[in-house]
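Visitor: Only the shape, not the letters, is given here:
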């Protein structure tokens, strides 16, 4: 039953090493291997290999964020149910991490943590990455990656949660309790010396 819950290409994707120089196009400008073909389920490849070998295939581009591999939500949600996985906004694009990221234990109390690795999460979700969701599926079997299981109401609720969390990242500064003196009147510019 677990084979139905996890697409056959996903575990291979998570084990793949990205951002090496392409053996075929190493001298070219865009030769880093940051693409993955879901149809071929092979190794990572570069921009030039895509146009020559994977022209009509389903391909996703892997990106780097703080030395970790991420994928844009807009690319991966077409082929994978990402419900329950924490997403982040980086350079105005929503992304999610492929694999678990180690986090040092802190003394701070956090309200949301990944069920698998214990990493703190911004939203009330279950997993910090696709890799942790796979482990959760194998342990419990109570979630899936299959796209057809996503209901529109579930997606809408999760999007509202994510959008609401954007405002919660930087909570408003509480009012000062000390009696500080405020400037009275309109501030005036110092006169120019001649």
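Guide: Arrived safely. Nothing here was measured: the structure is a model prediction, and the numbers come from that model.

Visitor: ok, the residue nearest to residue 20 when sequence neighbours are not counted - how many residues close by?
Guide: Nearest residue to residue 20, sequence neighbours excluded (CB to CB, 6 or more residues apart in numbering): residue 33, at 5.2 Å. Bear in mind the C-beta positions are built from the backbone N, C-alpha and C, glycine included. The tally of other residues near residue 33 (other CB atoms under 10 Å) stands at 21.

Visitor: Could you verify my assumption that residue 33 touches residue 48?
Guide: No - distance between residue 33 and residue 48: 10.5 Å, which falls outside the contact criterion (CB atoms under 8 Å).

Visitor: between the two, what contacts are shared?
Guide: residue 22 (CB atoms under 8 Å, 6 or more residues apart in numbering).

Visitor: check contacts around the residue nearest to residue 20.
Guide: 18-22, 43-46, 49.

Visitor: rerun that using 6 Å as the cut-off
Guide: Residue 33 is in contact with 20, 22, 44-46, counting by CB atoms under 6 Å, 6 or more residues apart in numbering.

Visitor: Could you do residue 101 as well?
Guide: So residue 101 contacts residue 68 (CB under 6 Å, 6+ apart).

Visitor: so which helix or strand takes in it?
Guide: Taking DSSP states H and E as the definition, one finds residue 101 inside no helix or strand.

Visitor: State the pLDDT value of it.
Guide: On pLDDT, residue 101 comes in at 86.

Visitor: And for residue 10?
Guide: On the pLDDT scale, residue 10 gets 94.

Visitor: Can you classify the closest residue to it other than its chain neighbours as helix, strand or coil?
Guide: Closest residue in space to residue 10, ignoring its immediate chain neighbours: residue 145 at 6.4 Å, by CB to CB, 6+ apart. What DSSP: H, G, I helix; E, B strand; the rest coil gives for residue 145 is coil.
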